[in-house]
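Visitor: Sequence and predicted structure are below.
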Amino acid sequence: MRRIKVGDLRIGEAERQAVMDVLDSDYISENSRVREFESKFSEYLGVCSSVALNSGTSALIAGLTSLAYLGRGCVGTGTKVITTPLTYVATANAIGLSGMEPVFADIGADGFNIDPERISSILEDAYDPAEYSVILPVHLMGYPCDMDRINGIARKHGLVVVEDSAQAHGSLYKGDRTGSLSTFSAFSFYIAHNIQAGEFGALGTDDAELAEMVRKVKSNGRIRNYSPCMYPGSSGTSDDYFRYDLSFEHDVVGYNFKCSEIHSALALMQLGRAEDIRRMRLENFKYLLDGLSGLDGVFELPPYDGDVSYFAFPLVLREGVGLDRENIRFKLYEDGIETRPMFGCIPTYHRAYSHLKRDYDGLLPNAERVGSRGFYLGCHQYLSTDDLDYVIRRLRSYCT
């Protein structure tokens with residue numbers, strides 16, 4: 001049976017050779033390819049520093065933890081982070097695992113991203129605004145958030161802005177790449193994402209001190225850039241080498257979020273084709289949108305923007321059309337077309353956050369509507385015109 005995936009990674013001869021070169025080098029743990037990726041990804045984003053980690057989730061946790069260690073703004077344990085309720089749950093998880101509290105602001109009535117007006121209202125209505133430390137928008141499906149307004153709100157209230165750019169590699173906001181518009185950004189290179197390398201992530205920032213702290217946090221808090229015989233009080237003798245060797249000296253509590261040379265090699269190959277990938281996804285997205293024209297009475301069709309690097313092709317089933325989302329998804333599945341639901345509204349849908357359900361009852365209508373009625377299809381670079389035509393025909397057959 002034909003199988004059309006939401007995301008795909010195809011290993012060609014160049015990727016195989018890149019992996020074999022790693023194996024032949026005798027270095028699998030972080031080494032030269034990780035450093036090369038970090039340098040090239042910084043250049044791609046237009047930021048001063050990048051840090052490679054084992055996932056986008058790790059990038060968020062390490063970044064938030066590092067902000068707290070450095071005392072950036074009022075970031076710290078127990079402070080509140082305003083974020084979107086409509087995204088992959090890893091964003092909220094990372095906030096909680098960093099010792100902070102997620103606070104959810106609804107998305108806009110049109111689109112998929114957090115509503116700056118709701119962010120502003122939360123802060124204006126807060127009993128103690130000083131409890132808030134970070135605004136964490138997510139560029140969902142590749143669509144950039146309104147970063148000018150979000151950064152303006154943050155400046156007004158003395159907050160730090162962090163971008164979750166896991167689904168937006170290459171998207172542009174007023175000419176700048178998403179991921180370069182905040183204190184730091186987090187990216188995922190999971191297979192379904194715009195640039196794929198498997199289990200891999202990265203953090204981008206213009207703050208060199210923050211990047212250095214993230215490198216420390218991702219390596220169990222290990223002291224970096226030291227000479228074993230130069231510890232304070234050392235005379236440089238051989239006895240001092242063992243007495244003051246800092247190989248296992250850790251001055252903050254960290255994690256093991258390091259990555260491998262193999263994933264970095266794959267990411268480098270993909271990064272070299274990033275603009276081609278963005279262009280092909282853009283073309284596939286437009287082809288699907290054109291092919292489904294006339295179904296706007298059944299679905300909220302997604303907006304097209306040539307500056308977006310599309311993660312997927314999202315559809316939201318309109319209310320009152322006599323169709324069921326899960327029935328449509330099951331029919332697509334039977335026809336070999338993979339889909340995913342639109343994540344669900346985190347505090348009112350996910351059992352892990354059921355303790356918040358009552359608190360948010362009725363407060364997140366837009367996220368609940370899209371989360372319960374939305375789903376997405378693949379528009380990735382490996383899909384052929386024949387694949388796209390097949391998806392269009394099958395979807396139209398269910399809805400007309």
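Guide: Looks like it arrived, so ask away.

Visitor: what's the span of stretch 133-147, first residue to last?
Guide: 17 Å (CA to CA, to the nearest Å).

Visitor: quick one: buried residues of it?
Guide: Buried residues in stretch 133-147, counted by 16 or more other CB atoms under 10 Å: 133-147. Yep, even glycine has a C-beta here, placed from its N, CA and C like the rest.

Visitor: That one - what's its average pLDDT?
Guide: The average pLDDT for stretch 133-147 rounds to 98.

Visitor: likewise stretch 29-36?
Guide: If you average the pLDDT values across stretch 29-36, you get 92.

Visitor: Contacts only, for the residue nearest to the spatial centre of the chain.
Guide: With distances taken as CA atoms, centre = their mean, Ala166 lies nearest the centre of the chain, 1.9 Å away. Residues near Ala166 by CB atoms under 8 Å, 6 or more residues apart in numbering: 56, 88, 90, 138, 186-188, 190, 193, 201.

Visitor: If we only consider the buried residues of stretch 133-147, which is nearest to Gly179?
Guide: His139 (8.2 Å; CB to CB).

Visitor: how near is that closest one to Ser180?
Guide: Separation of His139 from Ser180 (CB to CB, to the nearest Å) stands at 12 Å.

Visitor: for Ser98, same thing?
Guide: In terms of CB to CB, Ser98 sits 22 Å off from Ser180.

Visitor: The two: which is more packed in?
Guide: The neighbour count for Ser98 versus Ser180, taken as other CB atoms under 10 Å, is higher for Ser98 (23 against 20).

Visitor: so how far is Ala62 from that one?
Guide: 9 Å.

Visitor: and if you look at Val47?
Guide: Relative to Ala62, Val47 is positioned 16 Å away (CB to CB).

Visitor: returning to that earlier point: out of everything not next to it in sequence, what's closest to the residue nearest to the centre of the chain?
Guide: Sequence neighbours aside, Ser188 is the residue nearest to Ala166 in space, at 3.9 Å (criterion: CB to CB, 6 or more residues apart in numbering).

Visitor: Can you pull the phi/psi pair for the one you found?
Guide: Phi and psi for Ser188, reported as degrees, to the nearest 10, are phi -120, psi 140.

Visitor: Also Ser49?
Guide: Here Ser49 shows phi and psi, under degrees, to the nearest 10, equal to phi -140, psi 140.

Visitor: Name whatever forms a beta bridge with it.
Guide: Thr205 (DSSP bridges).

Visitor: sorry, back to before: counting neighbours, go ahead and name the busier of Val47 and Ala62.
Guide: Ala62 (28 against 21).

Visitor: Show the pLDDT at Ser235.
Guide: 55.

Visitor: I'd like the next helix or strand past the lowest-mean-pLDDT helix or strand in the chain.
Guide: Least confident helix or strand of the chain, by mean pLDDT, DSSP states H and E, is helix 238-243 with a mean of 55. Following helix 238-243 in sequence order, the next helix or strand is helix 261-271 (DSSP states H and E).

Visitor: Gly99: what secondary structure?
Guide: At Gly99 the chain is in coil, as set by DSSP: H, G, I helix; E, B strand; the rest coil.

Visitor: Same question for Val214.
Guide: Val214 is classified as helix under three-state DSSP.

Visitor: Report the residue ranges of every domain in the protein.
Guide: For the chain, the domain assignment from automatic domain parsing gives the residue ranges 13-271, 274-399.

Visitor: Ends of the shortest one, what's the gap?
Guide: Right, domain 274-399. Terminal residues of domain 274-399 lie 35 Å apart, using CA to CA.

Visitor: what does the first one give?
Guide: End-to-end distance of domain 13-271 (CA to CA): 16 Å.

Visitor: Just the ones in strands from the buried residues of stretch 133-147, please.
Guide: Among the buried residues of stretch 133-147, the members falling in strands (DSSP state E) are 133-136.
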